[in-house]
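Asker: Here's a sequence, model it:
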Amino acid sequence: MRLWRVIALALLAVVILVAGLVMLILPDPYEGDVLHQLDPEHTIRVLDVFGGGLVAMGCVVAWLAGVMWQRRMYAT
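Answerer: Here you go, the predicted structure:
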């Protein structure tokens with residue numbers, strides 16, 4: 001028995017997580033406007049916020065895939 005919804009959710013979670021991590025590792029010239037200057041060497045930019053949001057969303061989707069898998073495996 002294949003759980004296509006679980007596989008699709010897990011794949012979606014991986015894609016979202018990778019996209020978020022790519023946004024977080026971009027160099028400063030590509031990250032957009034400065035939202036907050038922490039000190040002369042550290043800033044929070046637009047793509048940092050979007051990347052963090054995508055990583056959080058990817059974690060939620062992965063968690064939902066795990067919950068769906070457990071409900072299917074341990075259903076009574």
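Asker: For the rest of this, base every contact and every neighbour count on C-alpha atoms.
Answerer: Fine.
Asker: which parts of stretch 22-34 are buried?
Answerer: 23, 24, 28, 31 (16 or more other Cα atoms under 10 Å).
Asker: Give me the residue ranges of the protein where confidence is low.
Answerer: Applying pLDDT under 70 to the chain flags residues 1, 76.
Asker: which stretches of it form helices?
Answerer: 4-25, 46-73 (DSSP state H).
Asker: can I get those in a markdown table with distance to residue 40?
Answerer: Formatted as a markdown table, the helices of the chain follow (distance: least, Cα to Cα, whole Å):
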| stretch | distance to residue 40 |
| --- | --- |
| helix 4-25 | 19 |
| helix 46-73 | 17 |
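Asker: Tell me which of those sits nearest to residue 35.
Answerer: The minimum distance between residue 35 and the helices of the chain falls on helix 46-73, with 6.5 Å, by Cα to Cα.
Asker: Distance from the chain centre to that closest one, please.
Answerer: A distance of 6 Å separates the centroid of the chain from that of helix 46-73, by Cα atoms, centre = their mean, to the nearest Å.
Asker: Tell me which residue lies nearest the centroid of the chain.
Answerer: Among the residues of the chain, the one closest to the centroid is residue 55, at 2.3 Å (Cα atoms, centre = their mean).
Asker: and residue 36, which of the helices of the chain is closest to it?
Answerer: helix 46-73 (9.5 Å).
Asker: and the angle for the strand ranked longest in the chain with helix 46-73?
Answerer: What stands out as the longest strand in the chain, according to DSSP state E, is strand 34-39. If you take axes from the mean of the first three to the mean of the last three Cα atoms, to 10 degrees, strand 34-39 sits at 100 degrees to helix 46-73.
Asker: tell me which strands and helices strand 34-39 is in contact with?
Answerer: In terms of contacts (3 or more Cα pairs under 8 Å, 6 or more residues apart in numbering; DSSP states H and E), strand 34-39 is packed against strand 42-45.
Asker: Good, we can wrap up now.
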